[in-house]
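[1] pasting the structure only:
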């Protein structure tokens, strides 16, 4: 099977529910020589039906392996998939990747996927003081704007008092991708009690925003 054929099959799989029978091809494609094939297969891995309602442990081990892939597009898909996984080794691997990933986009994914994993699989009463202290310490040396925004998002998930203001401050970034990321993070995580502040900030923001992609994201969030 050619690379193009494998990639097309994986794309087609996105459009339908997966079966256990799809698993063999997806798993083999996760280790393909082509990075686009690996990336696409990695994004599908957690959707293979398994007896374990979370994810088969061998698939988690495969995702952990893919976190060390030389290509950032594969690593970020692996980070995202691991953020949904309950076993402690998933969260620990994401934490390790924050320290290891030298690509700023890859590292920013590792940060917010780690935060997603921790916050999604913890008791509502959990005290996040340890995680908050880590992020606060990390911010002292982190220079990437992408990563600093991911840190603000993490702090928001961990209920840090200053996190929302920090996130909203990135709406002033000169990089439209950062401004878009702020809105995407808010779409995924905004708490009901914070919506009046968020709405006001976005309405003021739209008065001067010129990037069409950013405007569209903001307007969609305001309509929710």
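    Structure's in. What do you need? Nothing here was measured: the structure is a model prediction, and the numbers come from that model.
[2] Now do the buried residues in the longest helix anywhere in the chain.
    The longest helix of the chain (DSSP state H) is helix 104-120. Residues 104-119 are the ones in helix 104-120 that count as buried (16 or more other CB atoms under 10 Å). For glycine as for every other residue, the C-beta is placed from the backbone atoms N, C-alpha and C.
[3] how about the residues you listed, which pair is most distant?
    In terms of CB to CB, those reach their longest pairwise distance at 104 and 119, which sit 22.6 Å apart.
[4] all strands of the chain, in order?
    Secondary structure of the chain (DSSP state E): no strands located.
[5] show me where pLDDT drops low in it?
    Low-confidence segments of the chain, defined by pLDDT under 70, are located at 51-56.
[6] for it, what spans make up the helices?
    Taking DSSP H to define them, one finds helices in the chain at 3-13, 23-29, 35-44, 57-66, 72-82, 88-100, 104-120, 129-139, 145-157, 163-169, 176-189, 195-206, 212-223.
[7] circling back: could you say what helices and strands the longest helix of the chain packs with?
    helix 72-82, helix 88-100, helix 129-139, helix 145-157 (3 or more CB pairs under 8 Å, 6 or more residues apart in numbering; DSSP states H and E).
[8] Give me the angle between that helix and helix 129-139.
    170 degrees (axes from the mean of the first three to the mean of the last three CA atoms, to 10 degrees).
[9] Give me the residues contacting helix 104-120.
    Contact partners of helix 104-120, identified using CB atoms under 8 Å, 6 or more residues apart in numbering, comprise 72, 75-76, 79-80, 82-85, 90-91, 94-95, 97-98, 101, 128, 131, 135, 138, 144, 146-147, 149-151, 153-154, 157-158, 185.
[10] could you flag which of the residues you listed are buried?
    Counted by 16+ other CB under 10 Å, those give 72, 75-76, 79-80, 82-85, 90-91, 94-95, 97-98, 101, 128, 131, 135, 138, 146-147, 149-151, 153-154, 157-158, 185 as buried.
[11] picking that back up, so can I have JSON lines of the helices and strands packed on helix 104-120 showing distance to residue 23?
    JSON lines is the format used below for the helices and strands packed on helix 104-120 (distance: least, CB to CB, whole Å):
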{"stretch": "helix 72-82", "distance to residue 23": "14"}
{"stretch": "helix 88-100", "distance to residue 23": "19"}
{"stretch": "helix 129-139", "distance to residue 23": "34"}
{"stretch": "helix 145-157", "distance to residue 23": "31"}
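[12] So for residue 47, which of the ones you listed sits nearest?
    Comparing the helices and strands packed on helix 104-120 against residue 47 with CB to CB, the closest turns out to be helix 72-82 (9.3 Å).
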